[in-house]
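K.L.:
here is my input; please provide its structure:
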Amino acid sequence: MSRERLIGALFLVGLVALLAIGFWKTGGSGAPVRVLLPRRIDAVMGTDGMLATVIAPDEHVAASDALREAENRIRDVEGLLSVRITRSEISRLNRAPAGEEVPLSAAAQAVLTAARQAHADTDGAFDATCRPQIEVWREATEDGTVPTDDQLAAARRDSNWEHVELTPTGAIKTSATVQFDLGGVAKGYAIDRAFQVLRRQGWPGGLVNLGGDIRCFGRTPTGELWTIDIEDPFGRGVLGTLVVTDVAVCTSGNYRRYFETSGRRRSHILDPRTGYPTEATCSVTVVAPDAITADIWATALSVLGPDGLDRLPDGIEALLVVGDEQNHRLLMTSGFWQWFHTAPKSPVRNGAGSRSLLTPLGWLARIGSVFGASR
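P.N.:
Model prediction:
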């Protein structure tokens, strides 16, 4: 995230907090009402985010405790599944020799099981064993070169699900070269874990926002559905808005993170079947019942492109932006229409939303457009 975007995000978060407090004290009309209590979370799983819950004013202490617990759940998942943490379970599994069973927590087992199933459901377009391919591209980027077909093919042979056995208590690699990267699934799982903490409290509404990926429930303090902006992948503000509740919304795109080598910018999302950066889409937004499902399919559709829409299971809807800035189109499933609202004619170019400020939570729900796609 650029310095300007970071400052803008922090400004919005501060504004949300101040307005929420003001709304709490005045009740909008001087009478006690339900209020929005937000909690900012910084530097977790490679991004930032926010948690929020809708409560009565006298529930502040209990809600603060629940928000803190929800944040801890996210950080716990990071500690278990991040390849950037050398002591994490997934890093330990990546270092393990062939034939040795590596004990895993229930969380790690659940995520690996979901990742393996996603590999089958997408015919290999989603593959958590593709870390050696990612490393080949990182090394090439540092050297200013492009990987060869042979290098990428070798990375594919060295690491794939055929060399992995999931057991009731852990995992066994039949080849020491197998390496996992759970970037397309762990964040969704973390969002779901945090969501469960807030949902079980019985409050009338709330949301978990991690790097622009969101899961929400219930209603806002004024009884409305949650409004979530979808960022234009070409930097022109807001593409459109979703008006939703009781769903997860995840976005994946090539406009924030990328490899840059040999004078060309390439998507950081690899097609694990070939090892090359995908060019199928500019942006994918998925709406699903839970965040882990939305997370997986946002990544998978980035690889599969429009052909992947026919593979979507029931209950999952998607929007794809394909083409380039001069010639692009929006493709969406029929069910996506029920939530989608087109953007105003002249969106604000800073990605912070384009409609006038109505309520604190209007800005809170739009934090997703500031962070945008983080995968």
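K.L.:
got the contact list for the residue nearest in space to the middle of the chain?
P.N.:
Centroid-nearest residue in the chain: Asp213, 4.1 Å away (criterion: C-alpha atoms, centre = their mean). By C-beta atoms under 8 Å, 6 or more residues apart in numbering, the contact set of Asp213 is Lys187, Gly188, Ile191, Ala248, Val249, Cys250, Thr251, Ala291, Ala294, Asp295, Gly368, Ser374. No exception for glycine: its C-beta is placed from N, CA and C like everyone else's.
K.L.:
host element of the third one?
P.N.:
Taking DSSP states H and E as the definition, one finds Ile191 inside helix 186-199.
K.L.:
list the buried residues in that helix.
P.N.:
Neighbour-count burial for helix 186-199 flags 186-195, 197-199 (criterion: 16 or more other C-beta atoms under 10 Å).
K.L.:
which residues touch that helix?
P.N.:
Here helix 186-199 makes contact (C-beta under 8 Å, 6+ apart) with 45, 47, 51, 53, 66-67, 69-71, 73-74, 76-78, 81-82, 107, 110-111, 114, 206, 208, 210-211, 213-215, 217, 248, 250, 290-296, 374-375.
K.L.:
quick one: mean pLDDT for that helix?
P.N.:
Mean pLDDT, helix 186-199: 98.
K.L.:
now stretch 119-138
P.N.:
Mean predicted confidence for stretch 119-138 is 96.
K.L.:
and it, end to end?
P.N.:
End-to-end distance for stretch 119-138: 23 Å, by C-alpha to C-alpha, to the nearest Å.
K.L.:
just the buried subset of the contacts of helix 186-199, written out for ChimeraX, thanks.
P.N.:
The buried subset of these, as determined by 16+ other C-beta under 10 Å, is captured in ChimeraX by this line:
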select :45,47,51,53,66,67,70,71,73,74,77,78,81,82,107,110,111,114,206,208,210,211,213,214,215,217,248,250,290,291,292,293,294,295,296,374,375
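K.L.:
which of the contacts of helix 186-199 fall in helices?
P.N.:
66-67, 69-71, 73-74, 76-78, 81, 107, 110-111, 114, 291-296 (DSSP state H).
K.L.:
which one of the contacts of Asp213 sits closest to Pro313?
P.N.:
Among the contacts of Asp213, Ala294 lies closest to Pro313 (C-beta to C-beta), at 11.7 Å.
K.L.:
how about the contacts made by that closest one?
P.N.:
Neighbour list for Ala294: Gly188, Asp213, Ala248, Val249, Cys250, Val286, Val287, Ala288, Ile316 [criterion: C-beta under 8 Å, 6+ apart].
K.L.:
related to what we said a few turns ago, would CSV of the contacts of Asp213 with distance to Glu165 be doable?
P.N.:
Converted to CSV, the contacts of Asp213 look like this (distance: C-beta to C-beta, whole Å):
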residue, distance to Glu165
Lys187, 26
Gly188, 24
Ile191, 28
Ala248, 30
Val249, 35
Cys250, 29
Thr251, 34
Ala291, 27
Ala294, 28
Asp295, 25
Gly368, 38
Ser374, 32
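K.L.:
now, among the residues you listed, which is nearest to Pro147?
P.N.:
For the contacts of Asp213, the minimum distance to Pro147 (C-beta to C-beta) is 24.3 Å, reached by Ser374.
K.L.:
show the model's pLDDT score for the closest one.
P.N.:
So Ser374 comes in at 37 (pLDDT).
K.L.:
do you know how far Ala108 is from Ala118?
P.N.:
Separation of Ala108 from Ala118 (C-beta to C-beta, to the nearest Å): 16 Å.
K.L.:
repeat for Pro272
P.N.:
11 Å.
K.L.:
quick one: the strands in the stretch 251-375 of the chain?
P.N.:
Under the criterion DSSP state E, counting those that start in this stretch, the stretch 251-375 of the chain carries strands at the ranges 258-261, 264-267, 283-288, 317-323, 328-332, 340-342.
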